[in-house]
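**Student:** Give me a 3D structure for the following:
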Amino acid sequence: MTDLPLVLAMTGASGAGFAIRLLQCLHHAGIPLQLTFSDPALQVLRTELGLHIDPCRREFRPQDFGLTGDSPWWQRLSDSPPPELGPPVHPAAPVQVYAVNDLCSPIASGSHLTRGMIICPCSSSTLSAVVHATASNLIHRAADVHLKERRLLVLVPRETPLSTPQLENMAAASRYGATVLPASPGWYHGVRSLYDLIDFVVARILDQFGIPHQLTSRWGAPGKEE
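**Tutor:** Below is the predicted model:
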């Protein structure tokens with residue numbers, strides 16, 4: 001496993017459950033993370049998951065993100081917790097947190113090496129800023145860096161219906177080298193709960209970076225219904 005960090009940015013689109021489950025999986029996998037979130041993302045995290053995160057916090061605490069029993073992220077979504085991820089294969093890796101206005105942070109520079117970046121969920125305004133290189137905050141700038149350095153950038157939009165400008169921005173992002181991975185879960189893996197839908201999307205994100213997981217069965221493999 002590479003020791004290079006993975007950048008994870010959360011923005012203000014609906015779908016906070018995807019982001020926190022992804023964070024949980026990456027942290028569990030021992031992936032070094034560099035985390036940032038927009039102010040609208042903090043509002044969505046409060047509204048959808050009841051998570052209250054200090055925008056000035058620079059220390060990652062799992063309980064703040066609902067990854068421990070102190071404030072479980074899933075309590076707004078279900079009466080039961082998500083499936084266990086099993087014992088960690090790798091030791092816990094550091095998670096660095098950067099304020100969205102901190103353009104002096106390492107991820108604002110192409111000289112800082114990473115294994116890639118994920119924006120999950122990716123709001124339409126963030127998508128537009130990425131496509132048009134209008135780096136008005138750290139998320140936009142970090143995405144711009146990953147495009148110009150030809151590193152893997154995964155955008156996870158969650159919006160419906162889509163306007164023509166949104167569709168054109170997605171097409172442009174793809175042409176510029178980003179992977180557009182909408183939060184559109186499949187149903188062929190034996191869906192029985194909300195978590196099956198969340199984990200389908202998270203699994204596809206992890207696949208982009210070659211991160212092993214057992215979140216879902218794969219096409220042609222025995223399904224959960226068996």
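
**Student:** Does anything pack onto the single longest strand found in the chain? Which helices or strands?
**Tutor:** What stands out as the longest strand in the chain, according to DSSP state E, is strand 116-122. The helices and strands touching strand 116-122, judged by 3 or more Cβ pairs under 8 Å, 6 or more residues apart in numbering; DSSP states H and E, are strand 6-10, helix 16-28, helix 124-131, helix 138-148, strand 153-157, helix 194-208. Any C-beta I mention is one placed from the backbone N, CA and C, and that applies to glycine too.

**Student:** Parallel or antiparallel, which strands does it pair with?
**Tutor:** Paired with strand 116-122 in the same sheet, following DSSP bridges, are strand 6-10 (parallel), strand 153-157 (parallel).

**Student:** hang on, the earlier thing: P87: which of the helices and strands packed on strand 116-122 is closest?
**Tutor:** With Cβ to Cβ, the closest approach to P87 among the helices and strands packed on strand 116-122 belongs to helix 16-28: 9.4 Å.

**Student:** Put the alpha carbons of the closest one into CSV.
**Tutor:** Taking Å, rounded to 0.1, in the frame of the first residue of the first chain, the C-alpha atoms of helix 16-28 are listed here in CSV:
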residue,chain,number,x,y,z
ALA,A,16,-23.8,13.1,3.7
GLY,A,17,-24.2,9.4,4.5
PHE,A,18,-22.1,8.5,1.4
ALA,A,19,-19.3,10.8,2.6
ILE,A,20,-19.2,9.6,6.2
ARG,A,21,-19.4,5.9,5.2
LEU,A,22,-16.5,6.5,2.8
LEU,A,23,-14.5,8.2,5.5
GLN,A,24,-15.2,5.3,7.8
CYS,A,25,-14.0,2.8,5.2
LEU,A,26,-10.9,4.7,4.3
HIS,A,27,-10.0,5.2,8.0
HIS,A,28,-10.6,1.5,8.7
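
**Student:** angle of it against strand 116-122?
**Tutor:** Relative orientation of helix 16-28 versus strand 116-122 (axes from the mean of the first three to the mean of the last three Cα atoms, to 10 degrees): 150 degrees.

**Student:** Quick one: mean pLDDT for helix 16-28?
**Tutor:** Helix 16-28 comes out with an average pLDDT of 97.

**Student:** returning to that earlier point: just the angle for the longest strand of the chain relative to helix 194-208, thanks.
**Tutor:** Calculated by the same axes, to 10 degrees, strand 116-122 forms an angle of 150 degrees with helix 194-208.

**Student:** What sits closest to D199 if chain neighbours are left out?
**Tutor:** Once flanking residues are discounted, D199 sits nearest to L215: 4.0 Å by Cβ to Cβ, 6 or more residues apart in numbering.

**Student:** dump the residue contacts of that neighbour.
**Tutor:** Residues near L215 by Cβ atoms under 8 Å, 6 or more residues apart in numbering: 25, 83, 199-200, 202-203, 206.

**Student:** Could you rerun that using 10 Å?
**Tutor:** If you count contacts by Cβ atoms under 10 Å, 6 or more residues apart in numbering, L215 has them with 21, 25, 82-83, 85, 189, 195-196, 198-204, 206-207.

**Student:** Please apply the same query to Y188.
**Tutor:** By Cβ under 10 Å, 6+ apart, Y188 lies in contact with 200, 216-220, 223.

**Student:** again with A129
**Tutor:** By Cβ under 10 Å, 6+ apart, A129 lies in contact with 11, 123, 135-137, 139-141, 143-144, 169.
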